[in-house]
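Q: generate coordinates for the sequence data below:
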Amino acid sequence: MFFYLSLLTALALLVMLGYRYHATILPHVSAKVRSIFPSLNHYTPLSTFSSQADAGLSSTLFDIEANVRDGDSRAGLDERGTQEVLEIMRRERVDFDQARLIRHNQILARNGIDPSGMPMDSKAVTRL
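A: Numbering: from 1, shown residues only. I've put the predicted structure just below:
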């Protein structure tokens with residue numbers, strides 16, 4: 001009985017670690033394995049400004065193409081943030097600027113701030 005319980009615990013731990021670090025693991029998975037699991041095929045790492053601009057993560061208000069033209073040596077935008085914006089663009093069918101605004105409002109709401117920038121806490125002092 002103890003053997004099966006420890007085996008189940010080890011398997012659960014592997015599944016949780018795999019889920020937690022899937023963004024790091026997926027680029028190293030072979031194409032053969034990805035063809036078996038089609039849900040893994042939607043992930044494409046975007047680690048440079050040029051690849052992010054090609055994916056549609058640029059606009060006149062947020063021009064990362066200018067970074068490419070100027071030879072910016074940084075790696076690119078935050079990977080998790082770009083994946084969130086791409087997911088919002090796909091799910092909500094909005095353009096890049098609207099997806100950035102939706103993501104920003106979600107971050108504000110998680111931190112107890114309404115879209116205008118005022119705190120939603122009733123105890124917050126906003127005037128003196």
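Q: how is this structure carved up into domains?
A: 1-40, 49-111 (the TED database).
Q: pretty sure Ser50 is touching Ala66, no?
A: No - contact between Ser50 and Ala66 fails when scored by C-beta atoms under 8 Å: they sit 11.9 Å apart. C-beta: built from backbone N, CA, C; applies to glycine.
Q: about what we covered before: the domains of the chain: which one's closest to Gly117?
A: Smallest distance to Gly117 across the domains of the chain (C-beta to C-beta): 7.7 Å, for domain 49-111.
Q: distance between the closest one and the chain's centre?
A: Domain 49-111 has its C-alpha centroid displaced from the chain centroid by 10 Å (C-alpha atoms, centre = their mean, to the nearest Å).
Q: give the rounded mean pLDDT of it.
A: For domain 49-111, mean pLDDT is 82.
Q: end to end, how far does it reach?
A: With C-alpha to C-alpha, to the nearest Å as the measure, domain 49-111 spans 29 Å from end to end.
Q: and if you look at stretch 116-126?
A: 13 Å.
Q: quick one: average pLDDT of that stretch?
A: For stretch 116-126, the per-residue pLDDT averages 78.
Q: related to what we said a few turns ago, need the winner for burial among the domains of the chain.
A: For the domains of the chain, the largest average neighbour count (mean count of other C-beta atoms under 10 Å) is found in domain 49-111, namely a mean of 14.
Q: how far away is Gly112 from Lys123?
A: Relative to Lys123, Gly112 is positioned 11 Å away (C-beta to C-beta, to the nearest Å).
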